[in-house]
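Q: Kindly return the folded structure for what I paste below:
(chains A and B)
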There are 2 protein chains.
Amino acid sequence: MLSDIEISRSTPLRPISDVATAIGLHSDEIQTHGQHKAKISLKALKRLENKKTGKLIVVTAITPTPLGEGKTVTAIGLAQGLFKVGQSVMTCIRQPSMGPVFGVKGGAAGGGYSQVAPMEELNLHLTGDIHAVTVAHNLASAAIDARIYHEQRKGYDDFEARTGLSALRIDADSIVWKRVIDHNDRALRKVTVGINDEGKTINGYEREDGFDISAASELMAVLALASDLKDLRQRIGKIVIGYNLEGKAVTTEDLGVAGAMTVSMREAIEPTMMQTLEGIPTLIHAGPFANIAHGNSSIIADNIATKLADFTVTEGGFGSDMGFEKACNIKAQASDKAPDCAVIVATLRGLKANSGLYSLKPGQPIPDSMYEKDSAALEAGFANLKWHIENVTKYDVPAVVAINRFPQDTDEELLQLKNMVEALPYSVEVAICEAFAKGGAGAVELANKVVEQCHNTPTQFTPLYRMDQPLEEKIMAVSEIGYGAASVTLSDKAQSQLAQYKALGFDNLAICMAKTPMSISTDGSVKGAPLQFDVPIRELRLCAGAGFIYALCGNVMTMPGLPDKPAFMNLDIDEDGNITGLS
Amino acid sequence: MLSDIEISRSTPLRPISDVATAIGLHSDEIQTHGQHKAKISLKALKRLENKKTGKLIVVTAITPTPLGEGKTVTAIGLAQGLFKVGQSVMTCIRQPSMGPVFGVKGGAAGGGYSQVAPMEELNLHLTGDIHAVTVAHNLASAAIDARIYHEQRKGYDDFEARTGLSALRIDADSIVWKRVIDHNDRALRKVTVGINDEGKTINGYEREDGFDISAASELMAVLALASDLKDLRQRIGKIVIGYNLEGKAVTTEDLGVAGAMTVSMREAIEPTMMQTLEGIPTLIHAGPFANIAHGNSSIIADNIATKLADFTVTEGGFGSDMGFEKACNIKAQASDKAPDCAVIVATLRGLKANSGLYSLKPGQPIPDSMYEKDSAALEAGFANLKWHIENVTKYDVPAVVAINRFPQDTDEELLQLKNMVEALPYSVEVAICEAFAKGGAGAVELANKVVEQCHNTPTQFTPLYRMDQPLEEKIMAVSEIGYGAASVTLSDKAQSQLAQYKALGFDNLAICMAKTPMSISTDGSVKGAPLQFDVPIRELRLCAGAGFIYALCGNVMTMPGLPDKPAFMNLDIDEDGNITGLS
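A: Predicted coordinates for the structure are as follows:
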């Protein structure tokens, strides 16, 4: 089989303006950026307001191996399959971060015959949304340090007299707004800024700071959750960057920088349209983390797509305990649009990994032995798939299991797995999906099952909590009803933060669990379907603009490092200016 | 009179694809980014290779006040004037940095009726070139710290055994490649990176670093000086980021990151076409500093424009001792295309400031008294204009003085100045220019004089030095022949750097003087036409990718700070999504 990039480059693409108008967009709603990308104006949302809303399919997965189980391939393949069976369809996916492209892998655009193309444009600057987020984020950082510098240097009274502004009296030790950059850059995890030579204060005042990768910015979650430009502006203004000397929250609005941040993101709020290799219109928009944020592409993209197409396929990060939980409890409650069907991607290798009989480490390849026949491991790992099916049904969302076939997989084991799913006492459907090797043709069975589930099963979507419940009840709901944990333990720090956030008026925010994706529990080494476990919450972090508080259960790395032989070493341009070494 | 933004928004613009095809570009050489911006493919250069090359007009100025004397307004107005008198014409200008837009002023797109439009698109993300430079630059930074981290952590032998790469043995104290960000962010001037908690090494190794604003990146100069993608790739690979433990230069090529940096800049190498308010096609490309770099827009943009139009108007930063000197000695020698005419912008206020009778400070408005009639001050300051006229003639480039009229200026004083120029014993021409208030119609006289000078005066362009002269001779040539200095003094540090760079094989690079723009000498407080001064060189810095060594004469600020009431406080979006507060 050809490599991803070979397939991508050898497939003819239609002009993106044709793709966009064919799905029902007007030419004044399309701003092309070259032949293969277009920004879609939010004017389309207003025009289509009264049109019927199509079905929203959320692709999720079992608890994944470090390499992932192929959610993006399945989502793109499913969309291509739906088109093949005569449906009008769009996909909505997240924008990949550039850091990992240069760091540890090639791109993130699906794979095989189920890709978004051209993959080099998707994986590099695209239409600049991540840059706009980065600029807006770091503008707030510059605003924070400049304000403290000028207030401290002039004194609060003189500062007020000279500028006509109220002194914010920010407590420099309380700043929670780090800086961001779209790189894997280990050395920036922890930095000291404002260092002065020889006691001069020309560089500001010294303080500890750090950089996250841009996708970890609260602004990325804000972009994904905003419903329009006005909502974006309001959410940005609510962001809490730290506290003043009296412990009161200080926002970007207080700094007078929220408007300028919105200005930087004024074009980023428009989703970018590209196409799959089979010409399915695809909206690329926002790329929030799936642990410290909610891990789903944007509400605006979904809203546009569901008005244009009868079926919209999107995906949530990691397993159904992560991205799908947040798609239901955070995103759907913000958008008022519930998933009509969940597709749970399962693989033979992923279920065998969930047997606990294999040891897999991030950054290392899957051992060949995992592709060999091993019914016992498959059966042991199946408990994990069963858990994810049950998890989806908790929300009253109909489900289809997509068994994502790898070239090494045997028919016998695939059939064994299919039979196991069919034997379950649920209304779940199952299909083997060969979207990687065959494109949409390999996802026809899956597409038919999804259409069936959408039309036959009346859905009564039920999130695990309502926003007006107290924060601690929301944590309990996700942990105990969601994960099936026996208990939740808040550290002293988390308890005092809980009290603080409630006192500051943030009791009505959503809860976003920041835990390992490698287990349903908070312990990544516990595979399968854990029981009788505790959810220990180390710390809470406020994201008032995004509208959630995230609960840290263990370490989450928000700035990756480069390995000793980074992916960028393969990248170059050839004589004709084409990129080489991207895979 | 209306404000700049009011004029800009009320002027109807043509679709940029029409502007581009009307000047002779083919549709497959144009990638539109929305209605008003287009990337121009370098394919056009190949197609037009054998076409006659048009005239290149470089707009320069007297020694400016901190507010500038209106070079961009004059350049745009002149282009509009040339069009009015029936010439085919284009302009090539630098891309403004976003940092100052948010920091201290509105935009930089000309002004009045001589602007590039839409100014909000020019002044914000444009087509992402600065972001691409920033990404490429910081990728090299991440590569440096990751390489040192892995080599030190594993040990050189183990590193080589594990990766198959040669250990670079970089001396962490010798790194000259700082990080960059496109913000005015004082706190990032000097930082410590790689800080570890409790002695763990997970964040790398601690070292002193700092951030420059992105326009100060060597990559910005590289972009402006490259002739095509291949040349860009080669220049990037030559960049010296520091030295190894044996004192040998370490390049981005050695790090294996030069290819990936080029990949990031693959689209940035294409100039962006916009238009002036009167529809003149304008290429926006690169924005190198005019002190630590050469301060001119790109060779590629000039090369495209001079093949498409009979007249191309461009500008160099600051006075003729800075941007114009570098346009001749650095840019023209790299491009093999000499200026055919220089336009020296002079203002009444600027010449009065050069009398030394007024005290002007950066960041403060021009005192009203400077607009009052003061023949003595004008006469005293005229020495500065005379110096700049003589300076231009040193290169055998014909000159036209453009007296840029301000609304407060009196006819009497303008005429006095014009007469003074006409009385000079040179073949210089002079015209009063009202491009700000009247657009192209206010620059017809100037346009006619420029056409005349281009056609009447045969030019025998002579740079001040040849590249094969030793570095010290080049420094002497610019200082003594160029500035008219009596002597040059190299500090001990500069002398040892000179010896080092010569030993490393960099004797054939150009010299880029990094001095104050506020005086012809290196002392910003010395106005007019200084005599008998010394040029003290504190330090040299190697830019092997750009192809020059810059000589620091005094302090140059490469990371601005935000004032106590930054410009971003005025910026916001209105109900319709329009940007407010940009001026």
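Q: Report the buried residues of the longest helix seen in chain A.
A: If you go by DSSP state H, chain A has its longest helix at helix A:129-154. Neighbour-count burial for helix A:129-154 flags A:129-152, A:154 (criterion: 16 or more other C-beta atoms under 10 Å in any protein chain shown). Using the backbone N, CA and C atoms, a C-beta is placed for each residue, glycine as well.
Q: low pLDDT regions in the stretch 101-250 of chain A?
A: Where the stretch 101-250 of chain A drops to pLDDT under 70, the residues are A:105-107.
Q: can you give me the helices for it?
A: Counting by DSSP state H, counting those that start in this stretch, the stretch 101-250 of chain A has helices at residues A:119-123, A:129-154, A:156-163, A:218-225, A:229-237.
Q: what about A:Ile344, distance to chain B?
A: Separation of A:Ile344 from chain B (C-beta to the nearest C-beta, to the nearest Å) stands at 35 Å.
Q: Let me fix that, I meant to ask about A:Tyr205.
A: For A:Tyr205 relative to chain B (C-beta to the nearest C-beta), the value is 8 Å.
Q: Surely that residue touches A:Gly194?
A: Yes: the criterion here is C-beta atoms under 8 Å, and A:Tyr205 meets it with A:Gly194 at 5.1 Å.
Q: of these two, who's got more company?
A: Comparing A:Tyr205 with A:Gly194 by other C-beta atoms under 10 Å in any protein chain shown, the one with more neighbours is A:Gly194, at 23 against 17.
Q: Mind listing the shared neighbours of A:Tyr205 and A:Gly194?
A: Here A:Tyr205 and A:Gly194 have A:Asp145, A:Tyr149, B:Ala187 as joint contacts, going by C-beta atoms under 8 Å, 6 or more residues apart in numbering or on different chains.
Q: hang on, the earlier thing: now render the helices of the stretch 101-250 of chain A as CSV, adding distance to B:Ser10.
A: Shown next, in CSV, are the helices of the stretch 101-250 of chain A (distance: least, C-beta to C-beta, whole Å):
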stretch, distance to B:Ser10
helix A:119-123, 35
helix A:129-154, 27
helix A:156-163, 33
helix A:218-225, 32
helix A:229-237, 23
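Q: For A:Lys527, find the nearest of those.
A: Closest of these to A:Lys527 is helix A:218-225, at 28.9 Å (criterion: C-beta to C-beta).
Q: near chain B, which residues of the stretch 451-583 of chain A?
A: Neighbours of chain B within the stretch 451-583 of chain A, by C-beta under 8 Å from any C-beta of the partner chain: A:561-566, A:568-569, A:571-573, A:575, A:577, A:579-581.
Q: rerun that using 10 Å as the cut-off
A: The stretch 451-583 of chain A comes close to chain B at residues A:557, A:559, A:561-582, as judged by C-beta under 10 Å from any C-beta of the partner chain.
Q: Report how many residues lie close to A:Val556.
A: The tally of other residues near A:Val556 (other C-beta under 10 Å) stands at 15.
Q: if we can go back for a sec, the longest helix of chain A and chain B, any residue contact?
A: Yes: Helix A:129-154 comes into contact with chain B (C-beta under 10 Å from any C-beta), by way of A:129-132, A:134-135, A:138-151, A:153-154.
Q: is it true that A:Gln408 touches A:Leu414?
A: No: using C-beta atoms under 10 Å, A:Gln408 is not in contact with A:Leu414; the gap is 11.2 Å.
Q: Quick check: neighbours shared by these two?
A: A:Leu348 (C-beta atoms under 10 Å, 6 or more residues apart in numbering or on different chains).
Q: When the two are compared, which one has more neighbours?
A: Between A:Gln408 and A:Leu414, A:Leu414 has the larger neighbour count (other C-beta under 10 Å), namely 17 against 12.
Q: does the more buried one sit in a helix or strand, and which one?
A: helix A:411-422 (DSSP states H and E).
Q: average pLDDT for whatever helix or strand comes next after that helix?
A: Sequence-wise, the next helix or strand downstream of helix A:411-422 (DSSP H and E) is strand A:429-433. Strand A:429-433 comes out with an average pLDDT of 98.
Q: After strand A:429-433, which helix or strand is next? Please name it.
A: In the C-terminal direction from strand A:429-433 (assignment by DSSP H and E), the next one is helix A:435-438.
Q: name the helices or strands packed onto that next one?
A: If you count contacts as 3 or more C-beta pairs under 10 Å, 6 or more residues apart in numbering or on different chains; DSSP states H and E, helix A:435-438 packs onto helix A:71-84, strand A:110-111, strand A:114-117, strand A:399-404, helix A:444-456.
Q: Just the CA trace of it, in CSV.
A: Extracted C-alpha coordinates of helix A:435-438, given in CSV (Å, rounded to 0.1, in the frame of the first residue of the first chain):
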residue,chain,number,x,y,z
ALA,A,435,-11.7,2.9,5.9
PHE,A,436,-7.9,3.1,6.0
ALA,A,437,-7.3,0.6,3.2
LYS,A,438,-10.5,1.2,1.2
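Q: And the contacts of that helix?
A: By C-beta under 10 Å, 6+ apart, helix A:435-438 touches A:1, A:4, A:70, A:72-81, A:110-115, A:402, A:404-407, A:441-444, A:446-447.
Q: Need the buried ones from those residues selected in ChimeraX.
A: Buried subset of the contacts of helix A:435-438, written as a ChimeraX selection, criterion 16+ other C-beta under 10 Å:
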select /A:4,70,72,73,74,75,76,77,78,79,80,81,110,111,112,113,114,115,402,404,405,406,442,443,444,446,447
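Q: give me the low-pLDDT residue ranges for chain A?
A: Ranges of chain A meeting pLDDT under 70: A:105-107, A:362-363, A:457.
Q: Select, out of the helices and strands packed on helix A:435-438, the one closest to A:Met274.
A: Nearest of the helices and strands packed on helix A:435-438 (C-beta to C-beta): strand A:114-117, 5.3 Å.
Q: Could you list the paired strands of the closest one along with their orientation?
A: Strand pairing for strand A:114-117, using DSSP bridges, gives strand A:110-111 (antiparallel), strand A:272-276 (antiparallel).
Q: How much space separates A:Pro96 from chain B?
A: Where chain B is concerned, A:Pro96 sits at a distance of 14 Å (C-beta to the nearest C-beta).
Q: In space, what's closest to A:Phe311 - neighbours in sequence excluded?
A: A:Val89 (4.5 Å; C-beta to C-beta, 6 or more residues apart in numbering or on different chains).
Q: Same question for A:Val133.
A: Using C-beta to C-beta, 6+ apart, the closest residue to A:Val133 is A:Leu219 (4.9 Å).
Q: residues in contact with that neighbour?
A: A:Leu219 neighbours (C-beta under 10 Å, 6+ apart): A:132-137, A:140, A:180, A:232, A:235-236, A:239, A:252, A:261, A:264-265, A:268, A:286, A:288, A:543, A:545-546.
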